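Trainee: With the sequence up front, the predicted model follows.
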There are 2 protein chains.
Amino acid sequence: MSDDAIAAPEGRRRRGEGSRAGRTGGGAGSRPIPQLPRRKLARAFAPMEIVSKDEIEAIHQTSLKVLSEIGMEFNLPQARDMLKAAGADVQGERVRFDPAMIEQLISTAPSSFTFHARNPANNMHIGGASICFGTVASPPNASCMDKGRRSGNYEDFQNFVKLAQYFSAIDFVAGYPVEPIDIHSSVRHLDALHAMATLTDKPFHAYSTSRQRILDGIEIARLARGISQEQLEREPSLFTIINTNSPLKLDEPMLQGIIEMSSRNQIVCITPFTLAGAMAPVTVAGALVEQNAEALAGMAFTQLVRKGAPVIYGGFTSNVDMKSGAPAFGTPEYMKSTIVGGQLARRYGVPFRTSNTCAANTVDAQAAYESVFSLWGLTMGGGNLIMHGAGWLEGGLVASFEKFVLDVDLIQMVSEFLQPLETTPDALGLEAIREVGPGGHFFGAAHTLARYETAFYTPIVSDWRNNQQWLAAGKPEAWQRANAVFKQALAEYQEPFMEPERRAALDEFVARRKAEGGSPTDF
Amino acid sequence: MSDDAIAAPEGRRRRGEGSRAGRTGGGAGSRPIPQLPRRKLARAFAPMEIVSKDEIEAIHQTSLKVLSEIGMEFNLPQARDMLKAAGADVQGERVRFDPAMIEQLISTAPSSFTFHARNPANNMHIGGASICFGTVASPPNASCMDKGRRSGNYEDFQNFVKLAQYFSAIDFVAGYPVEPIDIHSSVRHLDALHAMATLTDKPFHAYSTSRQRILDGIEIARLARGISQEQLEREPSLFTIINTNSPLKLDEPMLQGIIEMSSRNQIVCITPFTLAGAMAPVTVAGALVEQNAEALAGMAFTQLVRKGAPVIYGGFTSNVDMKSGAPAFGTPEYMKSTIVGGQLARRYGVPFRTSNTCAANTVDAQAAYESVFSLWGLTMGGGNLIMHGAGWLEGGLVASFEKFVLDVDLIQMVSEFLQPLETTPDALGLEAIREVGPGGHFFGAAHTLARYETAFYTPIVSDWRNNQQWLAAGKPEAWQRANAVFKQALAEYQEPFMEPERRAALDEFVARRKAEGGSPTDF
């Protein structure tokens, strides 16, 4: 099943204006990019636990103490009024929570839900054993090896969205894959959301950076699906990341985002950004206590807005390099905080969001090992919604086209690892072993000939040529193959079909909102 | 605790002839290589299982059928005589085993044991939750970025042994880190074993490539420890890898190796090399059936030689690229076969050997992701004795100095990941969070100042500088840092002390055996 088949909603295809069908593939001689069939990934094993239930309770109880004794700042008066009315202790901007209030509020958060895409084949199940991988989100810079590192711009933005559509391993667009800084910030969200709603038919994200922006995001998600307000409320079709301003603050636009999204039953992911040693205590356990306190407060607020609104527990605890203050990612500490984050989310019965990260400056061995250590932690630890799945470099300061392809390959390898091992009598191969016997080889065995074409994973990036062949090819490194693949993918990309009425309504809305000035900015 | 402290047996140090104490470190301005304290690594969690107990039984029963219906070739008459006397069905070189005979023989294999080093601080516990990492073994080529790829030679061999001694993450020398092809094969083992016995005080390996060679290896291990034959038999002090000639053959020198090693209670590791699609069925399950049949036959033979002799279940099932026939490593199939291999070894109650592998041609992103996927599988899957832990490149055709350093860093990260998370009240950090409060930062907090120096893992290779600093430094990639580190390590290396009487006995033995012609070769 090809990605193109997925991209066609309800089995229809259109090749014409707005589509790239007229473009040829990656040029004569370029081999097809080996993609896996589109899959709904799930763990078949219990998630790993590295601390005991008692230790989870200690983190939980300490974070409740943080919320009752220290409290958290809520910078939006409307939110404080709601919290006060619900029984919280509000002093100025500081809000303190009775532990029982937190426990009661979060009890209505659902354990899993469906995130609806405009193409139903791309709907995502969030929670339980499911694992969904998104693109990188929010870097201010883009890079590729041909043109180097540059400020984020709309062309690169669109190309990353196209890659998200092209690659079957990517489930959703996790935010702006790169910030399109060349568009004025008052209307940037309109162009960006329009691109995400049209260039892909996978689910996407809107930023809670102002009340107006998130309202525009919700409307664009509704128009892209061509559904009513009522259906939108029944079927979550947009998600937003709510970052606490760690330590212990929730800013005005983030709280507005929760109010607008949760009140409409859209998906909110509460993610404290708790770098141990900087915005959080220098211990992983202490940073997790702070993460947990902030996540609990945010999740509780979503349920105060609307009981049962879909909410995700976000973990983003890593450490800093204590010599320079630089954030570190894909470290042993990051792996541990990811796994304990998963344990905490399951303690509360909500889905868990985590990330595929690295701190490397280029697509070298470091980028790869930090990413695979991240994937190790999040796969074993029960991550459900994986942000920054493909393309993240330099601690999130750069969206890299080569890293995107590398990560797609890594995600595909995780996907293959998660497939059950076939142990049928034929797979056990007794007759093949009998046919070949001692000292023979299996290249020509009937068992081999019947299975060899699909027997093993075919990687996108890995170069398995022998040394002589590799030398003759000019000693290519992994990033060079990745470079060729992203260009081939963009050349082969086809824009997914959108019903003309939906497209017209979407275009009209975006044009009108831009004419109205978008979301006016102060700067 | 530095590696140097470990390197000194019984707390003594000697700086003089044969030592590198006179050499300076890595030059003015080179920073110390950040090594972890020497640790006895162990899993604190249950190993991962990806197939059910029923599926393990299906693999087990099918492999017993292979041994009873197809049988295995034993190319040494002495071995066939022993097997026939024990009740096996011997027809020519083909030996068929009744399932009950296999089950009964392997029942005496010990579940764990101690591998004795000449420095008791470097003794290894093999089995249970223990994880011990060795060097790369057996590549015909060496490489570094300065001098490129070259045939194996004694100078590179010695340098790898020195790195094994220098780095605290390395527990043992797993074989010749590179084949010293510049020494004639009749006496090569004598020079190689002499170097392993003197340049490091960690445990080491001898090849079962002829009866004479393995006997020389056993004697050198005894002399290096300065112990009697009786003590050697009580205290296993040498190990040998027995590779079956897959499919289903055990060659003469390998069987001689088992006889000489097991009869003296030394450590034997039976490792079939079952590449799915080449020497084994094209399915992972089929290759595991073949691996298991060969491992069972080999383990059974060790116990026939001597009940209770220490033996290790070796797994080396990977796949080939079906387009080129090239072996693939660090793949999803490799991860699965590693994890199921661990399940099988635990089914038989014996330690499990596996490897840190990759197929990359250079120390790029591919080398890193294939290695970390290998480490993921073997760490979660319960590997005990890890061959090729550091330095393996090009599917084992090259021992790379840069890869050695990269792997040491990866092993150290695994080591840190395996340390329990501290969850004391102080680590939970409530008072630190109270001190800092909403909107503050933790850089100057008392909690941070008390802990920051040792709070987080300091990597050897990772470059966490920001983009400006990294550009100013000339855009170094991971392999370049690794290149500088291996040279610094060799400059700082100090030969461990050996009692003069032991050294004299060892030197005398090697000189005499060389004068006698070593192990005469036919070619």
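Mentor: Yes, it's here. Computed from a prediction, not measured in an experiment: that's the story for all the values here.
Trainee: What is the burial count for A:A46?
Mentor: 12 (other Cβ atoms under 10 Å in any protein chain shown). In short, each C-beta sits where N, CA and C put it, glycine included.
Trainee: So it, which state does it fall into?
Mentor: For A:A46, the assignment made with DSSP: H, G, I helix; E, B strand; the rest coil gives coil.
Trainee: Check whether the top helix by length along chain A comes into contact with chain B.
Mentor: If you go by DSSP state H, chain A has its longest helix at helix A:284-305. Yes: interface with chain B: helix A:284-305 contributes A:V284, A:A285, A:G286, A:A287, A:V289, A:E290, A:A293 (Cβ under 8 Å from any Cβ of the partner chain).
Trainee: Run through who's touching the helix or strand just after that helix.
Mentor: Sequence-wise, the next helix or strand downstream of helix A:284-305 (DSSP states H and E) is strand A:311-314. Around strand A:311-314, the neighbours that count as contacts under Cβ atoms under 8 Å, 6 or more residues apart in numbering or on different chains are A:109-110, A:126, A:239, A:241-242, A:262, A:267-272, A:295, A:298-299, A:302-303, A:341, A:344-345, A:348, A:350-354, A:384-385.
Trainee: Filter those down to the buried ones.
Mentor: Among the contacts of strand A:311-314, the ones that count as buried by 16 or more other Cβ atoms under 10 Å in any protein chain shown are A:109-110, A:126, A:239, A:241-242, A:262, A:267-272, A:295, A:298-299, A:302-303, A:341, A:344-345, A:348, A:350-354, A:384-385.
Trainee: Tell me which of those fall in strands.
Mentor: The strands, defined by DSSP state E, take in A:126, A:239, A:241-242, A:267-271, A:352-354, A:385 from the buried ones among the contacts of strand A:311-314.
Trainee: tell me which of those residues is nearest to B:G377?
Mentor: Taking Cβ to Cβ as the measure, B:G377 sits nearest to A:T354 out of those, at 20.7 Å.
Trainee: Contact partners for A:I258?
Mentor: Going by Cβ under 8 Å, 6+ apart, A:I258 touches A:A79, A:S208, A:I242, A:V268, A:G298, A:F301, A:T302, A:V305.
Trainee: that older thread, need the ones in strands among the buried ones among the contacts of strand A:311-314 in TSV (columns: distance to B:N75).
Mentor: Shown next, in TSV, are those (distance: Cβ to Cβ, whole Å):
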residue	distance to B:N75
A:I126	58
A:F239	64
A:I241	64
A:I242	68
A:I267	65
A:V268	68
A:C269	63
A:I270	66
A:T271	62
A:F352	55
A:R353	58
A:T354	53
A:L385	57
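Trainee: can I get those residues in a markdown table with distance to A:E453 and pLDDT?
Mentor: What follows is these, written out as a markdown table (distance: Cβ to Cβ, whole Å; pLDDT from 0 to 100):
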| residue | distance to A:E453 | pLDDT |
| --- | --- | --- |
| A:I126 | 34 | 98 |
| A:F239 | 39 | 98 |
| A:I241 | 41 | 98 |
| A:I242 | 47 | 98 |
| A:I267 | 40 | 98 |
| A:V268 | 45 | 98 |
| A:C269 | 40 | 98 |
| A:I270 | 46 | 98 |
| A:T271 | 43 | 98 |
| A:F352 | 37 | 98 |
| A:R353 | 37 | 98 |
| A:T354 | 35 | 98 |
| A:L385 | 34 | 98 |
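Trainee: circling back: would TSV of the residues of helix A:284-305 next to chain B with pLDDT and neighbour count be doable?
Mentor: As requested, these are exported to TSV (pLDDT from 0 to 100; neighbours: other Cβ atoms under 10 Å in any protein chain shown):
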residue	pLDDT	neighbour count
A:V284	98	29
A:A285	98	26
A:G286	98	31
A:A287	98	31
A:V289	98	31
A:E290	98	31
A:A293	98	32
